[in-house]
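>>> Predicted model and sequence below, questions to follow.
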Amino acid sequence: MKEEVKLVLRELGHEVRDFGTNSDEPVDYPDLIAPAVEAVAAGDCERGIVIGGSGNGEAMVANKVPGIRCALCHDVTTAALARAHNDANVLSLGARIIGSEVARDTVRTFLEVPFEGGRHERRLEKLVAIERGKTGSRNRSGPDSR
């Protein structure tokens, strides 16, 4: 799946930085995911795509890095919502979960859909506050914050 995603990225005119493994041997995915998403957090890469068997562990690792909003997406709808509502900057894909065509379409959507802002901006600010250790009920405001 990684090679197919790289092909789509290049077709769309994006530069590809591959932080991953180049074999089928099992790896400790945190060792590969952390440097990739740290490049996004540092601004060296605009967005990132991480791929694993299910995509779950990869998303969990990615979301431990401050500034990363990684979304595990299984289709174009989840990718569009992750970008439009959450300003996701990393996409996680499960190679054992989705097929190649769905993966290609999901990647295209992730790259093309912009963040909507508006009411979602306030929620994103609250997410950043939590990331900075400012949590609790004191950050809630209004009925729309549940």
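Thanks, I have it.
>>> What ranges does the protein have for its helices?
2-11, 29-41, 56-62, 76-86, 100-112, 119-131 (DSSP state H).
>>> hey, which of those helices is tucked in deepest?
Among the helices of the chain, helix 56-62 has the highest mean neighbour count (mean count of other C-beta atoms under 10 Å), at a mean of 21. (C-beta placed from N, C-alpha, C; glycine too.)
>>> Quick one: mean pLDDT over that helix.
Across helix 56-62, the average pLDDT comes to 98.
>>> Mind listing residues that contact that helix?
Here helix 56-62 makes contact (C-beta atoms under 8 Å, 6 or more residues apart in numbering) with 29-30, 33-34, 36-37, 48, 50-52, 68, 70-72, 90, 92, 94.
>>> Worst mean pLDDT among the helices of the chain?
Per-segment mean pLDDT for these reaches its minimum on helix 119-131, at a mean of 92.
>>> which residue is nearest the centroid of this protein?
With distances taken as C-alpha atoms, centre = their mean, residue 90 lies nearest the centre of the chain, 2.1 Å away.
>>> my guess is it meets residue 49, correct?
Yes. At 7.1 Å, residue 90 counts as touching residue 49 under the criterion of C-beta atoms under 8 Å.
>>> Tell me who's in contact with the residue lying closest to residue 96 once chain neighbours are set aside.
Of all residues not flanking residue 96 in the chain, residue 53 sits nearest, at 4.6 Å (C-beta to C-beta, 6 or more residues apart in numbering). Residue 53 is in contact with 94, 95, 96, counting by C-beta under 8 Å, 6+ apart.
>>> Now do residue 53 against residue 19, distance only.
Here the distance between residue 53 and residue 19 works out to 17 Å (C-beta to C-beta, to the nearest Å).
>>> ditto for residue 118
33 Å.
>>> Please say which of those two ends up with more neighbours.
residue 19 (16 against 10; other C-beta atoms under 10 Å).
>>> mind checking the backbone torsions on that one?
Note on residue 19: backbone dihedrals following degrees, to the nearest 10 are phi -100, psi 0.
>>> Just give the closest residue to it, not the sequence neighbours.
Per C-beta to C-beta, 6+ apart, closest to residue 19 is residue 36, 3.9 Å.
>>> who are the neighbours in contact with the one you found?
Residues in contact with residue 36 (C-beta under 8 Å, 6+ apart) are 17, 19, 20, 45, 48, 50, 62.
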